[in-house]
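> Just the structure for this:
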Amino acid sequence: MPHGITAWCRFLGTVMLVLWGAALSLSAAEVITLDGKKLAGDLLAVEKERITLRVGQVQVQIPNNSLLAVEFGRTVPPLPKGARYHEIELTDGSTLRVSRFSIKQRQVECELLSGPEDVPLPRYDLSLDVVFFMMKGAEDPTVRTAWKKMLNARGKRDLYVIREGDTLNFLQGTIHGGTPDGARLDFERAEGERVSLLQSRATGGLVLAHPPRGNLPPKLCKVLDVFGNQLVAQSVELTEGGVLVTTVAGVRFHYPKLAALARLDFSLGNLAYLSDLPLQITAPELPAEEKELRLHLHLPVLKDRGLSGEVLKVAGQPPFTKGLLIAPDTVITVEPGGEYREFQAIAGLPESVLDGQLAVQLTVEGDGRVLFQQTLRRKDPPKPLALDIQGVRQLRLIVEGDFAVNGNRLILGNARFVK
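Numbering: from 1, shown residues only. Down below sits the predicted model:
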């Protein structure tokens, strides 16, 4: 056995001899682990605790808690210019891109956007009981912003949403279902009146309120397909007839070909970005005259963006889609809860800062113990961090500098906890 494969097997799991003649359909894949290692082979199985990959003439079992993703080398084709679509989100966070939808009694009929010509769409049945919302015009960023604002302010009832320009208005009540022809909705107003509403008049879409479901199946991974759908999966089964993905909400998607899958994202539960977590922030009061300035100078911490909405960028690194921009004299406290192995980030001053002598000091403390402390200057290369936080329940990030809050700031790119 080649030495390289032997080393991989020691790190990734148990090695077994291949059973030739297996009827399972194989697909070339690249496995990426949480520590950045990569391994190419044919994906044989995805199980609750591990995946199985065929590498040469051996089978390699890789624990799911060491995985970042499985890539199939396929992407979602770009939509034609001016194309419109709607988005359906399920109660488990799965999202579907559709060209049309209607409600017939308690079933949702919809047509998924197509993908590559030689890849058939999945088969599935969708009940209204597992749908969170159906948003029309999802390709429009203005609609998405208004939709998010509406969801944040909604109550505990279903919404019949009407779009008027860039504004979303709605009726509150209960959606009992649709007529058999999918033309109308059986809608009960908040005051109790039962009415029949045209589905076509819900020009913004529909939102459904569901009671808590109690214990849910554990999430295995997020499945991204070549049609632009994202499924939060509790299981992924490779069969002779293709792939069966069962979502946490219980919806079963039958893909006739494994070629329909673009990526299995195992970062769910295996890593957590700080910009997605609740942060306790302590920072000095901004001087009164600076509060009148524009941009976001009054915010000591920005998530995933710069002061004017630009991407986060340090010298010598690609732009960060995830990260924190932190003002000097700011303390961030976050609770990993002892559940993670490592804190990772790339620390540096923004590339847009021209003065190479500008500097801040970054201190990272875990449960009161200093894990890292260094002065970071604009002229120096960014500093990669990989700090051992096993058993650490509370992490503090302390940024200190000689400038006011609106001076130089520190970027922590891809700041995340890793199991």
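> Please enumerate the helices of the stretch 51-200 of the chain.
Listed in chain order, the helices of the stretch 51-200 of the chain (DSSP state H, counting those that start in this stretch) span residues 141-153.
> quick one, strands of it?
Taking DSSP state E, counting those that start in this stretch to define them, one finds strands in the stretch 51-200 of the chain at 58-63, 67-71, 86-90, 95-104, 107-112, 131-135, 158-164, 167-178, 184-189, 194-198.
> Can you tell me which of the ones you listed is most buried?
For the strands of the stretch 51-200 of the chain, average neighbour numbers computed from mean count of other C-beta atoms under 10 Å are highest in strand 131-135, which has a mean of 24. In short, each C-beta sits where N, CA and C put it, glycine included.
> tell me how far that one is from the chain's mean position?
Centroid separation for strand 131-135 versus its chain: 18 Å, with C-alpha atoms, centre = their mean, to the nearest Å.
> Could you pull up the mean pLDDT of it?
Mean pLDDT, computed over strand 131-135, is 97.
> How about stretch 208-225?
The average pLDDT within stretch 208-225 is 88.
> now the strands of the stretch 51-200 of the chain as a markdown table including distance to Ala415?
Putting these into a markdown table (distance: least, C-beta to C-beta, whole Å) gives the following:
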| stretch | distance to Ala415 |
| --- | --- |
| strand 58-63 | 24 |
| strand 67-71 | 16 |
| strand 86-90 | 27 |
| strand 95-104 | 25 |
| strand 107-112 | 35 |
| strand 131-135 | 29 |
| strand 158-164 | 35 |
| strand 167-178 | 34 |
| strand 184-189 | 45 |
| strand 194-198 | 46 |
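> Out of these, the one nearest Lys257 is which?
Across these, Lys257 has its closest neighbour in strand 107-112 (14.6 Å, C-beta to C-beta).
> So which elements touch that closest one?
Using 3 or more C-beta pairs under 8 Å, 6 or more residues apart in numbering; DSSP states H and E as the contact criterion, the neighbours of strand 107-112 among helices and strands are strand 86-90, strand 95-104.
> go with 7 Å
Based on contacts counted as 3 or more C-beta pairs under 7 Å, 6 or more residues apart in numbering; DSSP states H and E, the elements that strand 107-112 packs against are strand 95-104.
> so where's the stretch 251-400 of the chain shaky on pLDDT?
The stretch 251-400 of the chain contains residues with pLDDT under 70 at 286-298, 356.
> quick one, strands of it?
The residue ranges that make up the strands of the stretch 251-400 of the chain, judged by DSSP E, counting those that start in this stretch, are 252-255, 261-265, 271-273, 280-282, 301-303, 323-326, 330-334, 342-348, 359-366, 369-377, 383-388, 395-401.
> most packed of the ones you listed?
When these are scored by mean count of other C-beta under 10 Å, the highest mean neighbour count falls to strand 323-326 (a mean of 26).
> Listing partners with orientation, what would you give for that one?
According to DSSP bridges, strand 323-326 forms sheet pairs with strand 301-303 (antiparallel), strand 410-418 (antiparallel).
> got those as CSV, with distance to Ala347 columns?
Below are the strands paired with strand 323-326 laid out as CSV (distance: least, C-beta to C-beta, whole Å):
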stretch, distance to Ala347
strand 301-303, 14
strand 410-418, 6
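> of those strands, which approaches Leu44 most closely?
When those are compared (using C-beta to C-beta), the closest one is strand 410-418, at 26.0 Å.
> before we move on, back to that, nearest to Asn414, of the strands of the stretch 51-200 of the chain?
Smallest distance to Asn414 across those (C-beta to C-beta): 11.8 Å, for strand 67-71.
> list the helices and strands the closest one packs on?
When contacts are defined as 3+ C-beta pairs under 7 Å, 6+ apart, strand 67-71 packs onto strand 28-33, strand 261-265.
> before we move on, back to that, which stretch among the strands of the stretch 251-400 of the chain comes nearest Leu216?
The minimum distance between Leu216 and the strands of the stretch 251-400 of the chain falls on strand 252-255, with 16.0 Å, by C-beta to C-beta.
> how about the strands paired with strand 323-326, which one is nearest Ala272?
strand 410-418 (4.8 Å).
> Pull out the buried residues from that closest one.
The neighbour-count check on strand 410-418 (16 or more other C-beta atoms under 10 Å) flags Leu410, Ile411, Leu412, Gly413, Asn414, Ala415, Arg416, Phe417, Val418 as buried.
> still on that earlier bit, JSON lines for the strands of the stretch 251-400 of the chain, including distance to Cys110?
As requested, these are arranged in JSON lines below (distance: least, C-beta to C-beta, whole Å):
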{"stretch": "strand 252-255", "distance to Cys110": "13"}
{"stretch": "strand 261-265", "distance to Cys110": "20"}
{"stretch": "strand 271-273", "distance to Cys110": "31"}
{"stretch": "strand 280-282", "distance to Cys110": "42"}
{"stretch": "strand 301-303", "distance to Cys110": "33"}
{"stretch": "strand 323-326", "distance to Cys110": "36"}
{"stretch": "strand 330-334", "distance to Cys110": "39"}
{"stretch": "strand 342-348", "distance to Cys110": "39"}
{"stretch": "strand 359-366", "distance to Cys110": "47"}
{"stretch": "strand 369-377", "distance to Cys110": "49"}
{"stretch": "strand 383-388", "distance to Cys110": "44"}
{"stretch": "strand 395-401", "distance to Cys110": "43"}
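> Centre of the chain to stretch 128-148, how far?
Using C-alpha atoms, centre = their mean, the offset of stretch 128-148 from its chain centre is 16 Å.
> Which positions in it come out as buried?
The neighbour-count criterion (16+ other C-beta under 10 Å) identifies 128, 130-138, 143, 146-147 as the buried residues of stretch 128-148.
> For the residue lying closest to Arg154 once chain neighbours are set aside, give its distance to Val143.
Counting by C-beta to C-beta, 6 or more residues apart in numbering, Arg154 lies nearest to Val207, which is 6.6 Å off, once chain neighbours are set aside. Separation of Val207 from Val143 (C-beta to C-beta, to the nearest Å) stands at 14 Å.
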